[in-house]
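Trainee: could you look at this predicted model? Sequence included:
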Amino acid sequence: TDEVEYSISSGINAEYGGNQAFASSVVDWALRRNGDLRFSNVKHNKVGEAPSDAAYRITDEVEYSIAIEEMRNGNWEAFKGSDVQLEFVRIDPFVRAFLVPDEGGVFKVGFKVPDVYGVYQFKVDYDRVGYTHLYSTTQVSVRPFHHTEYERFIPSAYPYYASAFSMLGGLFIFSFVFLYHKDTAVEKAKKTE
């Protein structure tokens, strides 16, 4: 860059022009030398298990991680942003959480899968001034419990269990009385006729 000469009356040389730093940063961003974002190593899994593409079950605990890098001065470095969000989306977001970065540029978050089954997406959509748009989406299925995975006795259903057993007990008592009860007044009236 050439020095800007302020030579109208004083002849003093200025260091730089007023917009040179701004113009330089805009050119670096436009040519993707600074502010370019990329992602890699997208992983999701149940807590404590290896990453897989298997379907999740409602109310499972899930971990999600993504590595994000930023181009700085021509080199890829770990991204240091703290406002990257993950959305767990069916039609609308069911879960929205901030991803927590570590020193290596890996962003992680853990959450509980909603209790509504269907086809969901892990979606990271990061769009900030000064950075390129970062968009990652991964589709997964969330299934309900199998019939063998439910609790054997549900505590909130105890009143229904009690009513069913009381009706069963009432049926046994009615059957016993109906079958083995003798009406002596009716028998005496028949014998006298």
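Mentor: Sure thing, it's come through. The structure displayed is predicted, hence computed values, not measured ones.

Trainee: ok, now which ones touch the closest residue to Phe98 other than its chain neighbours?
Mentor: Nearest non-adjacent residue to Phe98, counting by CB to CB, 6 or more residues apart in numbering: Gln85, 5.7 Å away. C-beta: built from backbone N, CA, C; applies to glycine. Shown in contact with Gln85 (CB atoms under 8 Å, 6 or more residues apart in numbering): Arg96, Ala97, Phe98, Leu99, Val124, Asp125, Tyr126.

Trainee: just Ser175 next, same as before
Mentor: Counted by CB under 8 Å, 6+ apart, Ser175 has zero contacts.

Trainee: can you classify it as helix, strand or coil?
Mentor: What DSSP: H, G, I helix; E, B strand; the rest coil gives for Ser175 is helix.

Trainee: relative to Ser163, how far out is it?
Mentor: Applying CB to CB, to the nearest Å, one obtains 19 Å for the distance of Ser175 from Ser163.

Trainee: again, but for His133
Mentor: Taking CB to CB, one finds His133 at 59 Å from Ser163.

Trainee: now distance to Gly169 and neighbour count too, for the contacts of Gln85, in a markdown table please.
Mentor: Listed next are the contacts of Gln85 as a markdown table, based on distance: CB to CB, whole Å; neighbours: other CB atoms under 10 Å:
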| residue | distance to Gly169 | neighbour count |
| --- | --- | --- |
| Arg96 | 52 | 12 |
| Ala97 | 51 | 14 |
| Phe98 | 56 | 12 |
| Leu99 | 57 | 20 |
| Val124 | 59 | 20 |
| Asp125 | 60 | 14 |
| Tyr126 | 64 | 20 |
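
Trainee: nearest to Asp36 among the residues you listed?
Mentor: Looking at the contacts of Gln85 and their distance to Asp36, the nearest is Tyr126, at 12.5 Å (CB to CB).
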